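>>> let's see this in three dimensions:
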Amino acid sequence: MYKKIIFLFAIVITVGMSAFAQNEDAAAAPKFAIGIGPELNMNTPEGFAGGAGLSFDISLAKALAAGINVSASYNFAETFVLEFGALFRFYLLGIGHTGFFAQIDAGSTLIMEEAEMMPVFMGGLRTGHRIGIGAGYFEPYFRIGYPFAFGVGVIGGIRFDITPNSNERPARNSRTESSDANEE
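Residues are numbered from 1 along each chain as shown. Modelled structure (predicted):
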C-alpha cells in the first residue's frame, strides 16, 4: 500500500512539473499565499485517515517563507485529529517562491478518541513542489513526523500581495503642481 501512495505522489509531481511553466520574476512574486486541500495520512493507530488542511504563508526573503497550517483528519471509525502548526519553509531554487521546498512544522495536535481528548506535541518535515499558475498555485507534498507517521496531499490556493505597487507615482495635488510651474 505504501508503495502505491509513493508512486501516486511521484506521478502527481511529474505531471505537475511538465504541465505548467514557471516564468515569474522573483522580485515580482506575491508575498502571501492561502490554500486548502485534501490529505491522506497515518494520523490514527490503525489504518489511514482522510482529512483536509488550510495553509497560510508569508514570503520572508528570496527563498524563505513562514506561516501556519491547520488540518483535521478522521479515520471514519473513532479517531478525530486536529493539528495546529507553525511552518518554516525553504525553497531549494528560490524562484518566486515556487518550486521544490523543504519545510519544518511544529505545533500541537488534539487527538479525540471515543470520549477522551489528548493534546500532543506535533513536529514534522515536509517536502513538495509549489507550482505557480498565474495568481494561484498547486502544491503536492509528502510529510513525516509525530504523532502522525506520514501524510500525502495536495494544496491549491491563491497568492497575493497587499503592499502598494512601488512603480506607481503618488498623486500630486493641484497646489503642488501650480507651485512647481511658478518656479520654472
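>>> what pairs with the spatially most central residue of the chain across the strands?
Centroid-nearest residue in the chain, with C-alpha atoms, centre = their mean: Ser55, separated by 5.0 Å. With DSSP bridges applied, Ser55 shows beta-bridge pairing to Gly35, Asn69.
>>> wait, isn't it in contact with Ile155?
Yes: contact criterion C-beta atoms under 8 Å: Ser55 and Ile155 qualify, at 5.6 Å. For the C-beta atoms, the positions are set from N, CA and C on the backbone; glycine is no exception.
>>> quick check: neighbours shared by these two?
Gly35, Ile36 (C-beta atoms under 8 Å, 6 or more residues apart in numbering).
>>> on that earlier part again, quick one, what contacts the residue nearest to the centre of the chain?
Ala33, Ile34, Gly35, Ile36, Gly67, Ile68, Asn69, Val70, Leu87, Ile155, Gly157.
>>> save the residues you listed as CSV, and put in pLDDT, distance to Met117 and neighbour count too.
Below are those laid out as CSV (pLDDT from 0 to 100; distance: C-beta to C-beta, whole Å; neighbours: other C-beta atoms under 10 Å):
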residue, pLDDT, distance to Met117, neighbour count
Ala33, 94, 31, 25
Ile34, 97, 28, 15
Gly35, 97, 28, 20
Ile36, 97, 25, 13
Gly67, 96, 26, 19
Ile68, 97, 21, 15
Asn69, 95, 20, 22
Val70, 96, 17, 15
Leu87, 96, 24, 19
Ile155, 96, 27, 23
Gly157, 96, 30, 20
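>>> quick one: which of these is nearest Gly136?
Gly157 (6.6 Å; C-beta to C-beta).
>>> how far away from the center of its chain is the helix or strand containing Ala52?
Element membership for Ala52 (DSSP states H and E) is strand 49-59. Averaging C-alpha positions (C-alpha atoms, centre = their mean, to the nearest Å) puts strand 49-59 6 Å from its chain's average.
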